[in-house]
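A.B. asks: give me the fold of what follows.
(2 chains)
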Number of protein chains: 2
Amino acid sequence: MYKTAIKQLADAFGDKLSLSAALRKTHGHDESSHTGKSPDAVLFAHTTDDVALAVKICAANTMPIIAYGAGTSLEGQIIPTRGGLTVDMSHMNRVLQVNCADMDVRVEAGITREDLNRHLRDQGLFFPIDPGANCTLGGMVATRASGTNAVRYGTMREQLLSLKVVTANGDIIETGTRARKSAAGYDLTHLFAGSEGTLGITTEISLRVHGIPEMLSAGVCRFPSLKAAVDTAITTIQMGLPISRIELMDELSIQAVNAHSKTTYPEAPTLFLEFSGSSLSVADQIRSFEEIALDMGGSDIEFANTQEAINALWHARHNILYATKALAPTKSTITTDICVPISELATCMMETRKDIEQSGLLATILGHVGDGNFHTIILVDEENPAEANKATALNVAMVERALKLGGTCTGEHGIGLGKREFLQQEKASAIPLMQTIKNALDPKGIMNPGKIF
Amino acid sequence: MYKTAIKQLADAFGDKLSLSAALRKTHGHDESSHTGKSPDAVLFAHTTDDVALAVKICAANTMPIIAYGAGTSLEGQIIPTRGGLTVDMSHMNRVLQVNCADMDVRVEAGITREDLNRHLRDQGLFFPIDPGANCTLGGMVATRASGTNAVRYGTMREQLLSLKVVTANGDIIETGTRARKSAAGYDLTHLFAGSEGTLGITTEISLRVHGIPEMLSAGVCRFPSLKAAVDTAITTIQMGLPISRIELMDELSIQAVNAHSKTTYPEAPTLFLEFSGSSLSVADQIRSFEEIALDMGGSDIEFANTQEAINALWHARHNILYATKALAPTKSTITTDICVPISELATCMMETRKDIEQSGLLATILGHVGDGNFHTIILVDEENPAEANKATALNVAMVERALKLGGTCTGEHGIGLGKREFLQQEKASAIPLMQTIKNALDPKGIMNPGKIF
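C.D. replies: Numbers count the residues shown, from 1 in each chain, chains lettered A, B, ... in the order given. Next comes the predicted model:
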C-alpha cells in the first residue's frame, strides 16, 4: 500500500527511511497486549523539518502518520492499525537549552526522561515526571503521563511551557512562550498534551524542571492489610503533608518485585515513601507520617539511607510491570489505570481486590495513591478465552466503578485503542466536540487514525 | 436590531430579559478604558438550561451572545462590540457541592471569589486565586486569571477539574471529572479556560480548593530602589523559598495606596510578603528571606500581626487599580500586563521604568514578581491625543520587550479587544490553528465575536 507516498518519502529522505520488515515489526507494537501491526515504512526523523516534510507527503497521499518515541505506551497508542508511516523520533534527542535561573529547559521530543535527568543532574536540577518505563518526553506529552512524583510536582501537564508541533497540514507552530503564566489566546499547549498524536506531532518541548531538594529521604512502611495501607495514604494526603512520593504495592507486587529485582522486602502491603525539603522539614514530615501510620497498624519506616539505596528502591518500584510479567512469562498483561477522588480510593481499591479474588486471576495492585490513581496488572493467557474474558470483565468493572465514584477511566496511560469505549462512557457529552476538533485540525484523518475515538 | 431574536427571547424568558437602556448600558463596559457599547438585551440567567436556550435562540438568529460576570475585565472582554445578547450570570451564584475530604468544590459560574471564600472559611478551606477585583469564577475561567497567590498555588488553570459549558449550538457538555488527574481524551477544560467566551459559556465549575495554612504571616519590606526590590524577589524565587505571596509596588503605587486606603506605608519601593505553612516552616522562610533582603539593602520586615492587619494589607494591595485611578480622577487608566522568565524580570522592569520617566506619564508599577508578571497602570487624559499616544506607545514598548525576552503579552488579563494585535505577534505561527478551532466550534461566529482575534 501507499506505493506513491513511499516512493516520494524514499526520494526525499534516502537512508532515513527504512522498509525493513524487521524494523517495521519492532515499530508495530507497544508494551500493551494490543495486537501489533507493522507500519508500511519507518522514518528516522532528525529535525522538525523532516517531520513537517513527512507530514506533507503523507497528507498529499492520505497516508496515516504515527509518531514513535520509545514504544512504551500501554494502550496501543503507537500501533499503526491502518498502516502508514511511523516516524521514529529517537534521533531527535538533544537538550537544546537549559535555563538554570528560570528552571526551564528546551528539549527535542525524542529524548528519554532518564537521559534528560542525566543531563540536568550536574546543574542541581531534575525533571520529576516518571512513568515506569524510560519513555520519551514526546510520548509523555502525547499521553499526558505522570508517575510517582505527581502528588508533589503535578503531572506532565503542569510542567509544560510550550510545544513545537507539526500540524496535520505540515505547518510548524509554537504554542507558548517561556513565561510561567500567560492568558494569551487558546491554550494549545494543553490541547496537544494528551491528544496522542491525533492532532499533530510534537517535535520540541519547553518545560519546567525543579531544583534537586536539599534533603531527600525514602523508605518503606508495611501494613497488616491493604486497607490499612490505603487508609494511611488517604489520611496523609488529607492532612496536607507535603510528601513527595507515596506509592502502594500489595503483597503480590512485593513478591514480584523481590523475584525480579532480587530485593528482600517482606511480602506485605507496603507504602513506598519519599520525603524531601530542608532537613528540618523532612524530619517534621517523617514524624507526622509515622504518627498516622502507626495509628493504622503500620510498622516503622525502614529507611533507604544512601542515594544508591534510594535509587534501588525506586528502580524496584518502576520495574513492577516487568516484574509482574516475570511472574508468568508465558502470559500477557493487561494494565488497568483508574483514578478517583481520594475519599473514594479505599472503597474503590477494596472492591477491586474483591473482584480479583473472585475472578481467580493473578493480578498485582499498585498505585500512585496520593493522587487517587491505581493500577492492577492482570496476567492473562490469551489462548484461554475464559481467562481473557475474566480479565476484560475485571477491567470493565474497575472503570465503571471509577466513573460511578466521580473518577476517570485513565489516570495516566491514555485512551489509545484500549479505552475508546470507556471514553465514550466517561465523556459522553463532550465527545462530539472532541470529534469536531479532530475533524477541523486533521480533516484527512491522517494523524494516528483510530486512536482516542 | 435582532428584533425577531429579542421577541423569541422575551417570549421564552419573560421577566428575566431586560431591554432597559440603563441596564443595557451598565452591561456595556468593563473596568478598562475600551469604549463601551450597550447590548441589545440583557438576560439574567438562572440555570444552565436558561443559557442553553438563549444560545439556541441566538444561534437560530445569528445574534452575538456575551456572558457577563462582574464586569471587571480589563481588556474589553465583555463589551458587545457588535451588539447582541448579554447573559448576566450573577444569579447563578450557588455553591453546589463542597467535598472537604477531597478539597474540591462545585460552583455556579456567577459566584464571586469573595463569596466563595466566605462560604468555605468555616470548613478550613480557601480558594487562592485573587485578581484585584471581586470578579466571578466564570470570568476568571474565561480569562485564565491569576493574582497574588499564583507563585504558590498556580493560576486559575491549575485549580480546574471540570467545567460545564454551553457550546455554540446550545449543547451542554461536561469537560472533566473529579479525579485529580486524567489522561482521558482532549483536555477541553483547558481549551475553554482562557477562551474568553469565544467558544462557549461556562455555567458550572469544579475546582480544587486548599486547606487554610496552619500559620500565616504577612508583612512589608522596603527597599532603597526598585532594582533592589525586584532583585530580592528574583533571588527569593531562584533559591526555591516556598513563599506564598511576593508582590512589588513602586513609590507611586504606595503613595496611591496610602491616599486611597488611608494607610501610612513609607513611600519607597516595597515588597508585600506572605509566608505560610507550619509555624516552624514559616519561621524558617522568614529567616531566609530576611537574609536575602538585608543583603540587597532592604529593611527588616514589618509584620502585620493580626488577621485584621493581614487582611488590611492585602486589601490595600488589591485596590491598587482604584487607588491609581484616584490619583487623577478625571483621567482614564490603561493597565498593562506582561510576564517574562524571572531571569529577565529586572531588565524588563528597569527599562519599563525608564520608558515611563521619558514619557512624562503618571504610571504606577506593581507586580506579581514571583511569577515574572508585572503591570503598569497608566493614567491618561483621553481628550489629549499626545498623551494618549504616549500611553499606547508605552504599552507597545512593554509588550515588544516582553516578547523579545521570551515572555508573553498578557500574564493574566487576557486578549479581549486590547491585545489582539499583540497576540498576532506573539503567536504568529499558532493563530491559524486557533482560528480553525474557533470556526469549527462556533461556525456562526456568535460567541463573543470580535474578541481574541
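A.B. asks: residue ranges with poor pLDDT in chain A?
C.D. replies: Of all residues in chain A, none has pLDDT under 70.
A.B. asks: distance of the closest residue to A:Thr72 other than its chain neighbours from chain B?
C.D. replies: Of all residues not flanking A:Thr72 in the chain, A:Ala133 sits nearest, at 3.6 Å (CB to CB, 6 or more residues apart in numbering or on different chains). Where you see a C-beta, it was placed from the backbone N, CA and C, and this is true even at glycine. Separation of A:Ala133 from chain B (CB to the nearest CB, to the nearest Å): 15 Å.
A.B. asks: mind checking how far A:Ala133 is from A:Glu412?
C.D. replies: Distance from A:Ala133 to A:Glu412, counting by CB to CB, to the nearest Å: 12 Å.
A.B. asks: quick one on the thing from earlier: now do the SS call for the residue nearest to A:Thr72.
C.D. replies: Put simply, A:Ala133 is coil when judged by DSSP: H, G, I helix; E, B strand; the rest coil.
A.B. asks: so who does it touch?
C.D. replies: Residues near A:Ala133 by CB atoms under 8 Å, 6 or more residues apart in numbering or on different chains: A:31, A:70, A:72, A:318, A:321.
A.B. asks: same question for A:Ala259.
C.D. replies: A:323, A:326-327.
A.B. asks: now with 7 Å, please.
C.D. replies: By CB atoms under 7 Å, 6 or more residues apart in numbering or on different chains, the contact set of A:Ala259 is A:323, A:326.
A.B. asks: make sure it is indeed in a helix.
C.D. replies: Yes: according to three-state DSSP, A:Ala259 belongs to a helix.
A.B. asks: any idea which residue sits dead centre in chain A?
C.D. replies: A:Ala145 (3.7 Å; CA atoms, centre = their mean).
A.B. asks: my guess is it meets A:His413, correct?
C.D. replies: No: the criterion here is CB atoms under 7 Å, and A:Ala145 misses it with A:His413 at 8.0 Å.
A.B. asks: where exactly do the strands run in the stretch 301-450 of chain A?
C.D. replies: A:302-304, A:332-335, A:338-339, A:362-368, A:373-380 (DSSP state E, counting those that start in this stretch).
A.B. asks: which of those sits closest to A:Gln97?
C.D. replies: Nearest to A:Gln97 among the strands of the stretch 301-450 of chain A is strand A:362-368 (30.1 Å), distances taken as CB to CB.
A.B. asks: that closest one near chain B anywhere?
C.D. replies: No: shown here: strand A:362-368 not in contact with chain B (CB under 7 Å from any CB of the partner chain), separated by at least 8.6 Å.
A.B. asks: and the angle from that strand to strand A:373-380?
C.D. replies: 160 degrees (axes from the mean of the first three to the mean of the last three CA atoms, to 10 degrees).
A.B. asks: which strands or helices does strand A:362-368 pack on?
C.D. replies: strand A:245-249, helix A:251-261, helix A:320-327, helix A:345-359, strand A:373-380 (3 or more CB pairs under 7 Å, 6 or more residues apart in numbering or on different chains; DSSP states H and E).
A.B. asks: distance from it to the middle of the chain?
C.D. replies: 16 Å (CA atoms, centre = their mean, to the nearest Å).
A.B. asks: what angle separates that strand from helix A:320-327?
C.D. replies: Counting by the same axes, to 10 degrees, strand A:362-368 points 170 degrees away from the direction of helix A:320-327.
A.B. asks: buried ones in strand A:362-368?
C.D. replies: A:362-368 (16 or more other CB atoms under 10 Å in any protein chain shown).
A.B. asks: equivalent analysis for stretch A:108-127, please.
C.D. replies: A:108-113, A:115-117, A:119-120, A:125-127.
A.B. asks: in CSV, list these along with distance to B:Ala101 and secondary structure.
C.D. replies: Output for the buried residues of stretch A:108-127, formatted as CSV (distance: CB to CB, whole Å; DSSP: H, G, I helix; E, B strand; the rest coil):
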residue, distance to B:Ala101, secondary structure
A:Glu108, 42, strand
A:Ala109, 39, coil
A:Gly110, 42, coil
A:Ile111, 39, coil
A:Thr112, 38, strand
A:Arg113, 33, helix
A:Asp115, 40, helix
A:Leu116, 36, helix
A:Asn117, 35, helix
A:His119, 41, helix
A:Leu120, 37, helix
A:Leu125, 35, strand
A:Phe126, 32, strand
A:Phe127, 31, coil
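A.B. asks: out of the strands of the stretch 301-450 of chain A, deepest packed?
C.D. replies: Ranked by average neighbour count under the criterion mean count of other CB atoms under 10 Å in any protein chain shown, these are headed by strand A:338-339 at a mean of 30.
A.B. asks: near chain B at all, that one?
C.D. replies: Yes: judged by CB under 7 Å from any CB, strand A:338-339 comes into contact with chain B at A:Cys339.
A.B. asks: related to what we said a few turns ago, select only the buried ones of the contacts of A:Ala133 in ChimeraX?
C.D. replies: In ChimeraX, a selection of the buried entries from the contacts of A:Ala133 looks like this (16+ other CB under 10 Å):
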select /A:31,70,72,318,321
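A.B. asks: let me know the closest of the contacts of A:Ala133 to chain B.
C.D. replies: Of all the contacts of A:Ala133, chain B sits closest to A:Thr72, with 14.2 Å by CB to the nearest CB.
A.B. asks: that closest one looks like it's in a strand, true?
C.D. replies: No: assignment of A:Thr72 by three-state DSSP gives coil, placing it outside any strand.
A.B. asks: give the contact list for the residue lying closest to A:Arg94 once chain neighbours are set aside.
C.D. replies: In space, and not counting its chain neighbours, A:Arg94 is closest to A:Glu108: 5.0 Å by CB to CB, 6+ apart. Residues near A:Glu108 by CB under 7 Å, 6+ apart: A:92-94, A:96, A:203-204.
A.B. asks: and the residues you listed as JSON lines, adding secondary structure?
C.D. replies: Below are these laid out as JSON lines (three-state DSSP):
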{"residue": "A:Met92", "secondary structure": "coil"}
{"residue": "A:Asn93", "secondary structure": "coil"}
{"residue": "A:Arg94", "secondary structure": "coil"}
{"residue": "A:Leu96", "secondary structure": "strand"}
{"residue": "A:Thr203", "secondary structure": "strand"}
{"residue": "A:Glu204", "secondary structure": "strand"}
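A.B. asks: now those residues: which count as buried?
C.D. replies: Among these, those classed as buried by 16+ other CB under 10 Å are A:92-93, A:203-204.
A.B. asks: so is stretch A:272-283 next to chain B?
C.D. replies: Yes: using CB under 7 Å from any CB, stretch A:272-283 comes into contact with chain B via A:278, A:280-281.
A.B. asks: can you put those residues in JSON lines and add neighbour count and secondary structure?
C.D. replies: Below are these laid out as JSON lines (neighbours: other CB atoms under 10 Å in any protein chain shown; DSSP: H, G, I helix; E, B strand; the rest coil):
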{"residue": "A:Ser278", "neighbour count": "18", "secondary structure": "coil"}
{"residue": "A:Leu280", "neighbour count": "15", "secondary structure": "helix"}
{"residue": "A:Ser281", "neighbour count": "21", "secondary structure": "helix"}
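A.B. asks: out of the buried ones among the contacts of A:Glu108, who's nearest A:Thr177?
C.D. replies: Using CB to CB, the buried ones among the contacts of A:Glu108 come closest to A:Thr177 at A:Glu204, 13.4 Å.
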